Every structure is written in C-alpha cells, then in structure tokens.
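# When you get a sec, could you give me coordinates for this:
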Amino acid sequence: MKIGFIGLGIMGKPMSKNLIKAGYELVVCNRSRDSVEEVAALGAEPADSPADVASKCQVIITMLPNSPHVREVCLGENGILETAKAGTIVINMSSIDPVESKAIGSELAKKDIRMMDAPVSGGEPKAIDGTLSVMAGGVKEDFDKYYDLLMAMAGSVVYVGPLGSGNVAKLANQVIVAVNIAAVSEALTLAVKSGADPELVYQAIRGGLAGSTVMDAKAPMMMAHNFKPGFRIELHIKDLNNALNAAHAVSAPVPFTSQVMEIMQALKADGNEKDDHSAIVKYYEKIADVSVEKK
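Numbering: from 1, shown residues only. I've put the predicted structure just below:
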C-alpha cells in the first residue's frame with residue numbers, strides 16, 4: 001500500500017520521514033522541491049502535483065498551513081479530486097477550520113472519496129521524534145483501519161467523533177494554551193510590578209492548582225527572554241482565527257479567545273509574529289512598564 005503525503009513543511013517533513021522509518025512506501029509532493037528531494041533520498045517517490053499523488057495512492061495524508069491550502073489541494077486544479085479513485089481516503093492532518101473540513105469532506109464524498117481530519121499537537125520536536133498527539137475525526141471504521149498508520153507518527157491517537165471533530169479538539173487545545181500563556185504572563189508581570197521575584201513566585205505556585213504543562217514550558221522562557229519559536233505567534237493567530245470562526249458558526253461565545261487574539265495582533269503589529277507564543281509576556285511588559293527577565 002502506497003501512502004501519499006502532501007505538504008513537507010516544518011511538521012510534514014519529519015512526519016513523512018517517520019513513516020518511511022516505519023516501513024511505509026511513500027509518494028510525496030510539496031511546493032518546495034528541496035523538501036521533496038530530501039525525502040525522496042530516503043526512498044520516497046516524488047510526485048509533481050496532488051493529482052499525481054492521487055493517481056498512485058488511495059491513502060493520502062495532507063499536512064498544510066490552513067483551510068484554503070487544503071481546499072486547493074483537495075478540490076482545485078491538479079488536485080486530488082481530479083484523479084482519485086472511488087474508495088480513496090484523505091487524512092487531513094492540517095489544523096484548519098472544522099466547518100471548512102466538513103465542507104471539503106462533503107465535496108470529496110460526491111465521488112466516493114472519504115476524509116478524516118486528524119490534526120496534531122506537539123510541534124516540531126514531537127514531529128521529529130514521532131510522539132505527536134493526534135485528535136481524529138471521521139468514520140470510526142476508518143479510524144480503526146488507519147490507527148497504526150497514524151501511530152507511526154505519534155505517541156497518542158484519540159478518536160474524537162465524526163468529521164470535523166478532530167479540528168474542534170485541536171482548536172479547543174489552542175484556546176486553552178493561548179489563554180494559559182496569557183494568564184502566566186499576566187501573573188508574572190503582576191509579581192514583578194509588586195516587587196516580588198518572578199522565579200520564586202513561579203516555584204511557589206507551580207506545584208499547586210495553578211501549575212500546568214504550559215506554565216512549566218513557557219514561564220522559564222519568559223524569564224529568560226528566550227523567544228526562539230517552538231510555536232510562532234503567527235501560527236497561533238491562524239488557529240485562534242479558526243477558533244473564532246468555528247465558534248461564531250455555532251453561536252458559542254469565546255470572550256477570552258477574542259481578548260488573546262487582540263493581544264497577539266498587537267504583538268504582530270510590533271513585529272513579533274515570528275517569536276514563540278511565550279512572547280505574549282512582551283505585551284504585558286509593555287503596558288506595565290516592567291520586565292520579567294531575570295538579570
């Protein structure tokens with residue numbers, strides 16, 4: 001069974017390499033030929049277009065930046081739909097708007113092409129070591145059939161529900177992460193403004209109810225002023241925009257998400273969109289006229 005893999009970016013390239021390591025035969029496609037050649041050197045077959053991939057594979061994984069890119073690859077010119085055989089399945093691992101995920105899936109279904117959404121969490125480090133968390137939506141039988149394929153790139157793969165549910169779970173994850181980072185930033189800025197040592201405050205509270213994976217990952221970065229991206233602000237803006245669109249589509253109020261989005265937009269306006277999302281603390285430092293950086 002050949003696996004098509006479309007999108008060899010920061011996440012897709014290491015994910016495709018892990019599939020090759022697991023023994024899968026891949027046909028790969030990407031706008032940048034350098035990435036295609038790099039993965040082809042490991043044994044993958046290069047393809048010229050998504051249509052070329054679909055002519056050779058009935059299982060196709062997409063890992064692309066956002067909803068418009070997935071729509072173009074699936075339904076556009078030289079896209080999957082042009083050559084895919086009935087019974088083909090598209091496993092979209094991109095983080096996109098769940099409303100759009102269902103719409104694309106509906107178009108594919110007209111030609112008996114199935115779709116799963118299986119976005120990931122964990123960033124580039126976990127993509128490289130194959131321990132991503134996957135949140136999958138689609139037909140349960142498809143999930144069961146392709147579970148092992150997904151596990152070749154992941155540490156955990158969880159079925160969430162019908163198509164679109166995977167991206168709903170991913171957006172919920174991104175909302176919680178964004179709001180949590182903002183809360184940590186606000187708290188550390190409060191500590192400094194009040195004359196306390198932010199490191200000691202962090203150590204005092206991390207073992208209690210306020211403690212979190214986000215705090216342990218991001219508070220040290222804030223205090224070191226190390227904003228080397230693990231997950232860039234511009235990508236989190238993309239996810240929050242999708243979260244707001246999805247929430248508005250079902251009339252779900254998301255006031256915290258809206259507020260953090262405006263904070264991130266302010267950071268983008270200041271030229272910080274390439275920074276790690278822990279740079280949210282820069283917004284609080286600016287308005288409070290303090291720095292949480294340890295000297």
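# Ser278 is in contact with Pro229, correct?
No. The pair Pro229 / Ser278 is not scored as a contact, 9.2 Å apart, by C-beta atoms under 8 Å. All C-beta spots, glycine's among them, are computed from the backbone N, C-alpha and C.
# quick one: which of those two has more around it?
Comparing Pro229 with Ser278 by neighbour count (other C-beta atoms under 10 Å), the higher total belongs to Ser278, at 27 against 18.
# For that one, give me its contacts.
Contacts were defined as C-beta atoms under 8 Å, 6 or more residues apart in numbering; by that measure Ser278 touches 181, 185, 217-218, 221-222, 226-227.
# So which of the residues you listed belong to helices?
Counting by DSSP state H, the part of the contacts of Ser278 found in helices is 181, 185, 217-218, 221-222.
# Could you turn the buried ones of the contacts of Ser278 into a PyMOL selection?
In PyMOL, this line selects whichever of the contacts of Ser278 come out buried by 16 or more other C-beta atoms under 10 Å:
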select buried, resi 181+185+217+218+221+222+227
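# What is the nearest of the contacts of Ser278 to Ala22?
Looking at those and their distance to Ala22, the nearest is Ala217, at 27.9 Å (C-beta to C-beta).
# For the closest one, give me its contacts.
Under the criterion of C-beta under 8 Å, 6+ apart, the neighbours of Ala217 are 230, 278.
# Just read off the phi/psi values of Gly4.
Backbone dihedrals for Gly4, given as degrees, to the nearest 10, come out at phi -80, psi 140.
# Report how many residues lie close to Ala41.
Burial of Ala41, expressed as a neighbour count using other C-beta under 10 Å, amounts to 8.
# Export the host helix or strand of Glu100 to CSV, keeping only CA atoms.
Here Glu100, judged by DSSP states H and E, is contained in helix 98-109. Once side chains and other backbone atoms are set aside, the C-alpha atoms of helix 98-109 remain, and they are given as CSV (Å, rounded to 0.1, in the frame of the first residue of the first chain):
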residue,chain,number,x,y,z
PRO,A,98,-13.8,22.4,11.3
VAL,A,99,-16.6,24.0,9.3
GLU,A,100,-14.4,24.0,6.2
SER,A,101,-13.2,20.5,7.0
LYS,A,102,-16.7,19.2,6.8
ALA,A,103,-17.4,21.2,3.6
ILE,A,104,-14.3,19.8,1.8
GLY,A,105,-15.3,16.3,3.0
SER,A,106,-18.8,16.7,1.6
GLU,A,107,-17.3,17.6,-1.9
LEU,A,108,-15.0,14.6,-1.8
ALA,A,109,-17.8,12.3,-0.8
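# Work out the gap between that helix and the centre of the chain.
Shown here is helix 98-109, whose average C-alpha point lies 18 Å from the average C-alpha point of the whole chain (C-alpha atoms, centre = their mean, to the nearest Å).
# And that helix, what does it pack against?
For helix 98-109, the contact count by 3 or more C-beta pairs under 8 Å, 6 or more residues apart in numbering; DSSP states H and E identifies helix 67-75, helix 80-83, strand 89-92, strand 114-117, helix 165-193, helix 233-249 as packing neighbours.
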